[in-house]
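Visitor: just a sequence and a predicted model for now, questions to come.
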Amino acid sequence: MATVFSMIINGTLPGHFVWKDEHVVAIMTIQPFRDGHVLVIPRAEIDHFDDVPEQVAARLMVVSQRIAKALKQAFPCERIGMMIAGMEVPHTHLHLFPVNELGDLSFSHAKDADQDTLRANAARIRAALVELGYPEGRCED
């Protein structure tokens, strides 16, 4: 059975994309810790991050770095937090989100987000990616 992420990637379920390429996508999470919370996901359904092929793992990191730069521009903060928890969905995904203190790194901050906010935040991140010179993962909402 396809994971919820595969269903979003394949268009069966809606999602707010900020990046799409051959190996990786990035979407807004529906339960963000903070505005700007993005999930970076390999297209291939791989449950454990340590099973991701090295080439795809490298691509996940490159895309995550680019999105982190865009997040800092779109949502000013001290740092960009990254987390690989892997418990919520059996499909590898990296959480990226703006943080200002260590306490921001907690699933206890997750809250349901409305679609208008997710759409607006995705647009801010996509605009920052283009402004930073990373249009190759460009996508529309």
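Guide: Structure received. Small disclaimer: the values here were computed from a predicted structure and weren't measured.

Visitor: hmm, who's touching stretch 130-141?
Guide: With contact meaning Cβ atoms under 8 Å, 6 or more residues apart in numbering, stretch 130-141 is reached by 16-21, 24, 26, 63, 66, 69-70, 73, 119, 122-123, 126, 129. C-beta here means a position set from N, CA and C on the backbone, and glycine is covered the same way.

Visitor: let's see which of these end up in strands.
Guide: 17-20, 24, 26 (DSSP state E).

Visitor: would you turn those residues into TSV with pLDDT, neighbour count and distance to residue 9?
Guide: Conversion of the ones in strands among the contacts of stretch 130-141 to TSV gives the following (pLDDT from 0 to 100; neighbours: other Cβ atoms under 10 Å; distance: Cβ to Cβ, whole Å):
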residue	pLDDT	neighbour count	distance to residue 9
17	96	20	9
18	97	32	13
19	97	25	12
20	95	17	9
24	96	22	10
26	97	30	11
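
Visitor: any idea how far residue 126 is from the nearest residue to residue 57 once chain neighbours are set aside?
Guide: Counting by Cβ to Cβ, 6 or more residues apart in numbering, residue 57 lies nearest to residue 49, which is 7.6 Å off, once chain neighbours are set aside. According to Cβ to Cβ, to the nearest Å, residue 49 stands 25 Å off from residue 126.
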